[in-house]
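In: Sequence and predicted structure are below.
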Amino acid sequence: AEYMGIAPTHVTRVIDGLLEHGVNDIVEDAANGACVVLNGLILKNGSKFIDQDVERYTLALISLLTLIEARETCVSGVLHCLKTLAKHHPSSVCNALVTIEVPLGKNVVQALHSLVLDPTLCPLFFATWFDVMLNSQLFEEVEKQDAPRMCRHPLSACALLGSAMDLCPTPTVSETAHNMKAQLTCAMLLFVAAAHTTRTTAHHKSKELFAVDVVCEAFEKFVKGAFGRHCTGWLAQAEVWTNLRTTDYPAALCETLKCMVAEDSVDPEERQTIEPADEVPPLAAQPMQCTPFVEQLYQLVLPFVNKTLVCHRVTGTAVVGQLLYHCLGNKAILQGALNGLLSRSKLDEENSIKLLAAKHLVNVVHHEFQEVSMFAAPIITTLLALFGDAETDVGLTAMHTLHEILQYIQPGDALSSVVVPICNRIQGFFENENEFVRAESFRLFTILVDMCTNGKIERTIMHGQMLANLPSMLLHINDFDQVVRQPAKHTLHSVCEYLVGLAPTSALRPLMAKASYAPDKRMDFDEFTREFCTVWVREYPTYVNDLIVAFSTFFKDSPDRIKANAAILSGQLVSQLSAESATRCNVEQTAGGLIALLKKDKEEEVRQKAAKAMGLFVFS
């Protein structure tokens, strides 16, 4: 500027003039000269520019690329000016880029690629985008009833990162992406959930642009550039890129993470020798030892488990839960992840997050029990509390998880202290209106019975529980839903097996061994109850009245099929009693209940079974 006689205070004005009139001069040579002068001014004076001017110059240079795209020399000159400006003020140039609204134009991509190919600028740009994505405001302020719109800066940073990854396997970009693999993975995983919170981000050429499409496109480019062909192939096999765009995106996030971690287990030599035409072998789904990538990602994601934004907690819970599957041998991650999942299960107001926490707690079964024994009771207590959640999916998931954990847990004080609470909690769901909840309740009780039979639970703890819940088993082996009948039959068979173990000569052994009474067979319920009640009255007389009283409680406010079953079971039991035994049982109360059913119940099946039961009374 001094050589040209331009005072330092006038440099900004001269640059503005060159940007507005010089670079796009109709005379190409004049435009080329303007580029040279502009670059010289930026080179000599750039360090003195204020951030506001730098951002303005950056956007002006990028806009010029569209006007001069046919002039190759001018384009090169403008890109050189942009790079010179970025060398002086990399952060300001990067901040200017994130103000550009998506979708990114051809001129923006052209400028971006020129900048990130510079080895000194690329790491700075990637770090800035990461910071903007994680630490800037995500959503614009809107009324509560409206779907929020994602702010421009973080979404643009995500799109810019994806566009930069198009340059892989260029060494500069590939090395930067590899060095920041955990940080960028964290940001991308968080952004998928954030994108699902908003519907549209902009209107482009009369077409709505969905944030989730922008994010998923950038994410896919990042994975292709930062990870190997194995990971890319596994994700394609699992249709992850399609599923990430659906409401089932948390499961797709976990599948993505599983593929990323598995990539670390691929032998480096094998990774180098694989040919582009080779088919990627299927992903071996197995728990893995902790890797540096897992450890770094865990440290980055864990704080988001307790963030204010729901989308952050969704991703944090899903990722931390999945990392339980990939941290074998790392006690710190194991305990931290479990604490995070337990806190979300208890405290979160969102059912979707409770569901994720309950689902991923099952991953503890892949660790040595000694490492998680201190968490056994808290995990079981938390899952039991979720059984009655208003959202049926949450309760069912908690039941499924407890089903797996009970088979994993080892005998000891941790198990003994929770058996009775589990039984008491399960008992309340045998009569639940949801057939899947009833079925899962019986499966859980079957596990406890089998554990008692095998010596893992003391008989003194479970014996009374089995007898107390026997009425529900007998009633539901003829449940109106097939999905419940079979689990109830399995439970009854397990209880009878336990009782036969106490009395090997019991007639229950040949009775339950009949092929027609197998859990997978359709039995004649009335015939079975007749035979079962005959054995029960003869071999367990002290427990007969308990059954009679229990069945009578189902005469009111129960589903029609259950009332009918209770009626016929009551009749079969009383019909087997001797005159003396009948005096010690609540026969009159049962008879009164049956008469009420016969006279007042609206369902024909109930009245028929009540009539049959009364006939058994008379002829006994």
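Out: Perfect, I can see it now.
In: From here on, just use CA atoms for contacts and neighbour counts.
Out: Will do.
In: My read is that Cys186 contacts Leu297, right?
Out: Yes - using Cα atoms under 8 Å, Cys186 is in contact with Leu297, at 6.4 Å.
In: Check the offset of the helix or strand that contains Gln183 from the chain's centre.
Out: Taking DSSP states H and E as the criterion, Gln183 maps to helix 181-197. How far helix 181-197 lies from its chain's middle: 14 Å, per Cα atoms, centre = their mean, to the nearest Å.
In: Only alpha carbons, please: show that helix as CSV.
Out: The C-alpha trace of helix 181-197 is given here as CSV (Å, rounded to 0.1, in the frame of the first residue of the first chain):
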residue,chain,number,x,y,z
LYS,A,181,-12.3,-38.8,14.9
ALA,A,182,-13.9,-39.1,18.4
GLN,A,183,-14.7,-35.4,18.6
LEU,A,184,-16.4,-35.3,15.2
THR,A,185,-18.2,-38.5,15.8
CYS,A,186,-19.6,-37.1,19.0
ALA,A,187,-20.8,-33.9,17.2
MET,A,188,-22.4,-35.8,14.3
LEU,A,189,-24.2,-38.3,16.6
LEU,A,190,-25.6,-35.4,18.6
PHE,A,191,-26.7,-33.5,15.5
VAL,A,192,-28.8,-36.4,14.2
ALA,A,193,-31.0,-36.2,17.2
ALA,A,194,-31.1,-32.4,17.1
ALA,A,195,-32.1,-32.5,13.4
HIS,A,196,-35.1,-34.8,14.3
THR,A,197,-36.3,-32.1,16.7
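In: got the contact list for that helix?
Out: The contact list for helix 181-197, computed with Cα atoms under 8 Å, 6 or more residues apart in numbering, reads 130, 133-134, 138, 147-148, 150, 158, 177, 211-212, 215-216, 219, 226, 244, 247, 249-250, 253, 293-294, 296-297, 300-301, 311-312, 314-316.
In: Please give the element, helix or strand, for the closest residue to Lys346 other than its chain neighbours.
Out: Among residues not flanking Lys346 along the chain, Thr382 sits closest, at 6.8 Å (Cα to Cα, 6 or more residues apart in numbering). Per DSSP H and E, Thr382 falls inside helix 369-386.
In: Measure how the helix or strand following that helix sits relative to helix 369-386, angle-wise.
Out: Moving toward the C-terminus from helix 369-386, the next helix or strand (DSSP H and E) is helix 392-408. Going by axes from the mean of the first three to the mean of the last three Cα atoms, to 10 degrees, helix 392-408 is angled at 150 degrees with respect to helix 369-386.
In: What lies in contact with helix 392-408?
Out: So helix 392-408 is contacted by 351-352, 354-355, 358-359, 361-362, 364-365, 369, 380, 383-384, 386-389, 436-437, 440-441, 443-444, 447-448 (Cα under 8 Å, 6+ apart).
In: And for stretch 78-89?
Out: Against stretch 78-89 from outside (Cα under 8 Å, 6+ apart): 35, 38-39, 42-43, 46-47, 51, 54, 58, 61, 64-65, 92-93, 111, 114-115, 121.
In: Any of these buried? List them.
Out: 35, 38-39, 42, 46, 54, 58, 61, 64-65, 92-93, 111, 114-115, 121 (16 or more other Cα atoms under 10 Å).
In: tell me the phi and psi of Gln289?
Out: Backbone torsions for Gln289, taken as degrees, to the nearest 10, come to phi -70, psi 150.
In: Need the pLDDT of the nearest residue to it once chain neighbours are set aside.
Out: Excluding its sequence neighbours, the residue lying closest to Gln289 (Cα to Cα, 6+ apart) is Leu328, at 4.5 Å. Looking at Leu328, its pLDDT reads 90.
In: For Leu328, give me its contacts.
Out: Contacts of Leu328 (Cα under 8 Å, 6+ apart): Pro287, Met288, Gln289, Cys290, His366, His367.
In: how about those residues, which pair is most distant?
Out: Cys290 and His366 (12.6 Å; Cα to Cα).
In: Neighbour count: the two, which is higher?
Out: Taking neighbours as other Cα atoms under 10 Å, Cys290 and His366 compare with Cys290 leading, 19 against 16.
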